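> Got a predicted structure here, sequence first:
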Amino acid sequence: MRRRALYCAFMPAPADSLVGASPPRVAHAALRSDVARIAARVRDGTRLTPEDALLLHEHADILELGLLSDLVRRRKHPEPIVTYIVDRNLNPTNVCITDCGFCAFYRRPKADGAYVLERGEIVRKMQELADLGGRQVLMQGGHHPYLKSDWWCELFADLRVRFPQINLHALSAPELDHLSKLDKRPVEEVLRDLIAAGLGSLPGAGAEILVERVRKIIAPKKTTTERWLDVHRKAHEAGLRSSATMMFGHVESVAECIEHMTRLRDLQDETGGFTAFACWLMQPDGVPEQHLYPARRTPAVYLRMQALSRIYLDNFENIQTSYVTAGLKMAQVTLGYGCNDFGGTMLEENVVSAAGCFHLAPIQKLENVIQRAGYTPVQRNSWYGIVDPRHPRLLRGPSSKDEAESHRAPRAGPPR
């Protein structure tokens, strides 16, 4: 009953009054029939086409989307648990030369506020995480023009010796592509050396929207769609698992969001290397080109896309909420809209915080939010193995990068 109440809790207005935020109610009998047909496909476990997904997003009632996404979530995760990881974000540098207009965090080389952390400061931050039983550090540093892969390899090797229990979830696909260019060698070789030094998994950052029309507007200097996908392909082939993301709510269309998810779904069919998907709304406040972007989108926009991602990405085991951008209350609601993972505790977060988001929560508060939604909070590692000693019955799954190789998703999706 408590989970059912989540659906009713998110009803700020009838769907047809959410102008610009949510599609109108189905008013035509033919559309009702189409929505019912697609809903039946979801219940049967049949893969949706991009056209199905678009129609469902545009014309299904938001509560129906919630019910369908929760059905898919329970099919994959029947136990009433929600996972999370004790981690922190650590940005060794904020220097970047890609000049993304939506990023309030980066600084150009030699600009006021530009930094590269001393090794001692990095070690201090890692020790804080270790003292709290941390399992992962999310480490990214932009596109620094002078820090080549050997700098990162030396750092990783040092941290692996000092903190063997903490996985280095580090360097996005655009950063790896940037290192490949700086080193003037293939990304496969860069990955080989980083893995040998201690790299354990890849974050899904830098995807934004995997459609070139959009990327040319919001991040013209950043890695292309095909290159982002190929770097993750190469990482999967090298034995790494990675996450996948989508930042929406700016200049993209709904159809382009679905195209983005289709590309991820296709690569997951090919490699089985993605552990999870997370999406969030762009945070436009204070970014360099704020005047070019629309006002922050409503929670209804986020919730509708979050539910659709669970339904459409049928070969992704885990869908992660984004409490850092959406806030704890909305993240709690998403647990009834397809999400089974609360992400990380993020003991430190700098990137979206620079755009006015301050939703970090201590571990106990995060667990309380999950419990009030009717679920049991359970700690995991980077590869979605359960590692929570409070729940010995649930201990399972990969405990390391190498074990994660045997827990990949199936290489072929359901019939189209």
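Received it, and whenever you're ready, just let me know what you need.
> Show me what the one helix or strand residue 39 maps to is packed against.
Secondary structure assigned from DSSP states H and E places residue 39 in helix 29-44. Judged by 3 or more C-beta pairs under 8 Å, 6 or more residues apart in numbering; DSSP states H and E, helix 29-44 is in contact with helix 50-59, helix 62-76. C-beta here means a position set from N, CA and C on the backbone, and glycine is covered the same way.
> Please spell out which residues along the first one are buried.
In other words, helix 50-59. Across helix 50-59, burial judged by 16 or more other C-beta atoms under 10 Å covers 52, 53, 54, 55, 56, 57, 58, 59.
> mean confidence for it?
The average pLDDT within helix 50-59 is 97.
> just to revisit the earlier point, just give me how far the helix holding residue 39 sits from the chain centre.
Relative to the mean C-alpha coordinate of its chain, helix 29-44 is positioned 29 Å out (C-alpha atoms, centre = their mean, to the nearest Å).
> Let me see the residues that make contact with stretch 236-243.
For stretch 236-243, the external contacting residues (C-beta atoms under 8 Å, 6 or more residues apart in numbering) are 188, 191-192, 195, 199-204, 232, 235, 271-278, 320, 382-383, 401-402, 404-405, 408.
> returning to what we had before: return the member of the buried residues of helix 50-59 nearest to residue 332.
residue 57 (22.4 Å; C-beta to C-beta).
> Does that closest one touch residue 254 like I think?
Yes: the pair residue 57 / residue 254 is scored as a contact, 5.6 Å apart, by C-beta atoms under 8 Å.
> Can you work out which residues contact both of the two?
Here residue 57 and residue 254 share no contacting residue, scored by C-beta under 8 Å, 6+ apart.
> Quick check: phi and psi at residue 139.
phi -120, psi 120 (degrees, to the nearest 10).
> Am I right that it is in contact with residue 88?
No: at 9.4 Å, residue 139 does not count as touching residue 88 under the criterion of C-beta under 8 Å.
> quick one on the thing from earlier: what residues sit buried inside the helix holding residue 39?
For helix 29-44, by 16+ other C-beta under 10 Å, it's 34, 35, 38, 39, 41, 42.
> what about the strands in the stretch 201-350 of the chain?
Applying DSSP state E, counting those that start in this stretch to the stretch 201-350 of the chain gives strands spanning 241-248, 274-281, 318-320, 341-344.
> Mind checking those strands for the one nearest to residue 267?
Closest among the strands of the stretch 201-350 of the chain, using C-beta to C-beta: strand 274-281, at 7.4 Å.
> Mind giving me the packing neighbours of that closest one?
Against strand 274-281 (3+ C-beta pairs under 8 Å, 6+ apart) you get strand 241-248, helix 254-271, helix 299-312, strand 318-320, helix 323-326.
> Off-centre distance for it?
Relative to its parent chain, strand 274-281 has a centroid offset of 3 Å by C-alpha atoms, centre = their mean.
> What pairs with it, parallel or antiparallel?
strand 241-248 (parallel), strand 318-320 (parallel) (DSSP bridges).
> from the middle of its chain, how far away would the shortest one be?
So that's strand 318-320. For strand 318-320, the distance to the chain centre is 8 Å (C-alpha atoms, centre = their mean).
> which residues touch that strand?
Residues contacting strand 318-320 (C-beta under 8 Å, 6+ apart): 73, 83, 243, 275-278, 306, 309-310, 313, 338-343, 384.
> List the buried residues of that strand.
318, 319, 320.
> so which of these comes closest to residue 166?
residue 320 (19.5 Å).
> From residue 32, how far out is the closest one?
32 Å (C-beta to C-beta, to the nearest Å).
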